[in-house]
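[1] I need the structure of the sequence given here:
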Amino acid sequence: MQHKKIWGWWFFDWASQPYSTLLTTFIFPVYFAEIARAHYTQQGLSPEAAAAASQSLWGYGLAISGFIIAVLAPILGAVADNSGRRLIWVWACSALYVAGAWGLWFLAPDQPNLIPVLICFGLGLIGMEFATIFTNALLPGLAPREEVGRVSGSGFAFGYLGGVLSLFAVLLLLAENAQTGLTLLGIPPILGLDAALREGTRAVGPFTAIWFLVFMIPFALWVRETPGPKRPLRIGGAMRDLWQLILSLGQRRSLAAFLLSSMFSRDALNGLYAFGGIYAAAVLGWPVILSGIFGIVAAMSATVICWLGGRADRRWGPKPVTIICTLALIFVCAIVIGMDRSQIMGFPLPEGSRLPDALFFLCGALIGGAGGVLQASGRTLVVLHTSPERATEIFGLYALSGKATTFLAPFLIALVTHFSGNLRLGISPLIVMFLISLVLLHWVKARGEPEQ
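    All right, here's what the predicted structure looks like:
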């Protein structure tokens, strides 16, 4: 029965990953950037100004969503722990996920509803993040503490595999090339979708919603509530417990340092995820299909590296694994800032060189692999700092640490891009955030700091 429960828990990662892979990183942001750039160009902006405006709009949308998640995540976690119920929250947040993803269908090229569609994207993102909090809180009850790293890493690997397959399906059957109207298979989008209206690419939203509904079935069948007393929802008591937990961070130095470190590293990582597709489209001129192939490479590398990372976590612990991954992501940021079509780190390139494309593919593999392992090891460190009874509350704080400044990375990227007019320089704040996270890891105990 426990084996089935672990597989059911893994299926949440499989079901929810397409929101990150298709909608946040590789397909929808590129399409959004294309439509937004065309819209702003029609309003009289230069191509460079239109590209910067599209990145700024996307950044502000992510910032608002991140702020809402940051405010509500720890409160919902405390309420769920206080009542002893988590699954009901998973399903409530899943409804937001499905509705938000489906709404992306309405970003038509001839009538670009940029703001309403961005609101739908934000609702779906909020639903995914909140559902993840309550699902992660089930992790302590799945395996012994020494096996948690392996279970967490394997879950991320399984999720990335789902992301790869969903990306393959979209590229082969749905997402059309804007010039030819054909998919990667060389056929028009299936189901009679109109390529001229970009219906194949727009269908990525409904596809993501349907994927989630289908693959949450194993989760629904095999995952049950954590054993323990069930109480009526009492927000007052939950808030008192949350306040006591926050006050206790003054005495729990390792947990406080980890949450702060995680706040900066995951915010910077989300910035890379969110703006990688827009960077590829604007700086390297990649179409949606090439960006999708890039996503397949990144997700496949993430699948393998996350599986290996789970084994490394079990052998050496999550802290050294986290340090190595953070250094790899700093390297990626430096490459992205120092590269465009004409040069790499100041060294000029011959016209038509494909070296920037190859180098960005390498960066994608590192982002996918190091980013996935960083998050999996983070889940392990959370478990090492809590008990099954308080898991949702701690994971709520963990979500807060990942979202408290989530509005900051997109905001800084949008701000630097806006004032510099340079998309590459807009990535520069991420390096500072990764470095701050490394410094804070010094105070994190490698074996955790369980609640007494």
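[2] return stretch 132-150 as PDB; C-alpha atoms alone will do.
    The C-alpha coordinates for stretch 132-150 follow below in PDB (Å, rounded to 0.1, in the frame of the first residue of the first chain):
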ATOM      1  CA  THR A 132       2.100  21.800  -4.400                       C
ATOM      2  CA  ILE A 133       2.400  23.100  -0.800                       C
ATOM      3  CA  PHE A 134      -0.300  20.600   0.400                       C
ATOM      4  CA  THR A 135       1.100  17.800  -1.700                       C
ATOM      5  CA  ASN A 136       4.700  18.300  -0.500                       C
ATOM      6  CA  ALA A 137       3.400  18.200   3.100                       C
ATOM      7  CA  LEU A 138       2.500  14.600   2.600                       C
ATOM      8  CA  LEU A 139       6.200  13.700   2.000                       C
ATOM      9  CA  PRO A 140       7.300  13.100   5.600                       C
ATOM     10  CA  GLY A 141       4.700  10.300   5.900                       C
ATOM     11  CA  LEU A 142       5.900   8.500   2.700                       C
ATOM     12  CA  ALA A 143       9.300   7.200   3.700                       C
ATOM     13  CA  PRO A 144      11.900   7.100   6.600                       C
ATOM     14  CA  ARG A 145      13.900  10.200   6.900                       C
ATOM     15  CA  GLU A 146      17.000   8.600   5.300                       C
ATOM     16  CA  GLU A 147      15.000   7.800   2.200                       C
ATOM     17  CA  VAL A 148      13.200  11.100   1.800                       C
ATOM     18  CA  GLY A 149      15.900  12.600  -0.500                       C
ATOM     19  CA  ARG A 150      15.600   9.600  -2.900                       C
END
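[3] chain center to it: distance?
    Going by C-alpha atoms, centre = their mean, to the nearest Å, the spacing between the C-alpha centre of stretch 132-150 and its chain's C-alpha centre is 19 Å.
[4] could you give me the buried positions within that stretch?
    By neighbour count on 16 or more other C-beta atoms under 10 Å, the buried set for stretch 132-150 is 132-143, 148-150. Quick note: C-beta positions are derived from backbone N, CA and C, even for glycine.
[5] so the residue in the chain sticking out farthest from the centre: helix, strand or coil?
    Among the C-alpha atoms of the chain, the one most distant from their mean position (C-alpha atoms, centre = their mean) is that of residue 350, at 35.4 Å. For residue 350, the reduced secondary structure class is coil; criterion used: DSSP: H, G, I helix; E, B strand; the rest coil.
[6] okay, strands next: where are they in the stretch 1-150 of the chain?
    In chain order, the stretch 1-150 of the chain shows no strands, with DSSP state E, counting those that start in this stretch as the criterion.
[7] which residues of it score low on pLDDT?
    Counting by pLDDT under 70, the stretch 1-150 of the chain has low-confidence residues at 1, 80-84, 145.
[8] next: the stretch 351-452 of the chain.
    Scanning the stretch 351-452 of the chain for pLDDT under 70 picks out the ranges 387-393, 396, 399-407, 448-452.
[9] residue 282 and residue 336: what is the separation?
    Taking C-beta to C-beta, to the nearest Å as the measure, residue 282 and residue 336 are separated by 12 Å.
[10] give me the phi and psi for the residue farthest from the centre of the chain.
    Taking degrees, to the nearest 10, you get phi -70, psi 150 for the backbone angles of residue 350.
[11] same question, residue 182
    Comment: the main-chain dihedrals of residue 182 come out as phi -110, psi 150, following degrees, to the nearest 10.
[12] show me the contacts for it.
    Residues touching residue 182, when contacts are defined by C-beta atoms under 8 Å, 6 or more residues apart in numbering, comprise 176, 188, 195.
[13] show me which of those residues is closest to residue 409.
    Within the set of the contacts of residue 182, residue 176 lies nearest residue 409; the separation is 31.6 Å, counting by C-beta to C-beta.
[14] need the three-state assignment for the closest one.
    Applying three-state DSSP to residue 176 yields a three-state assignment of coil.
[15] over to it: give its phi and psi.
    Torsion angles, degrees, to the nearest 10, at residue 176: phi -100, psi 150.
[16] that one contacts residue 203, correct?
    No. Applying C-beta atoms under 8 Å as the test, residue 176 and residue 203 come out as separate, 10.0 Å apart.
[17] so if I had to pick from the two, which one is more boxed in?
    Comparing residue 176 with residue 203 by other C-beta atoms under 10 Å, the one with more neighbours is residue 176, at 26 against 22.
[18] look up phi and psi at residue 344.
    For residue 344, the backbone dihedrals are phi -130, psi 120 (criterion: degrees, to the nearest 10).
[19] how far does stretch 199-216 sit from its chain's centre?
    Relative to its chain's centre, stretch 199-216 lies at 17 Å (C-alpha atoms, centre = their mean).
[20] quick one on the thing from earlier: and which of the contacts of residue 182 is nearest residue 98?
    Nearest to residue 98, judged by C-beta to C-beta, of those is residue 176 at 24.2 Å.
[21] that closest one and residue 200: what is the separation?
    Following C-beta to C-beta, the distance that separates residue 176 from residue 200 is 4 Å.
[22] and for residue 172?
    In this structure, residue 172 and residue 200 are 11 Å apart, going by C-beta to C-beta.
[23] any common contacting residues for these two?
    Counting by C-beta under 8 Å, 6+ apart, the contacts common to residue 172 and residue 200 are residue 183.
[24] between these two, which is the more surrounded one?
    The residue with more neighbours, out of residue 172 and residue 200 and counting by other C-beta under 10 Å, is residue 200; that gives 25 against 15.
[25] that one: which element?
    Secondary-structure element containing residue 200, defined by DSSP states H and E: helix 199-202.
[26] quick one: average pLDDT of that helix?
    Helix 199-202 shows a mean pLDDT of 94.
[27] cool, thanks, talk later.
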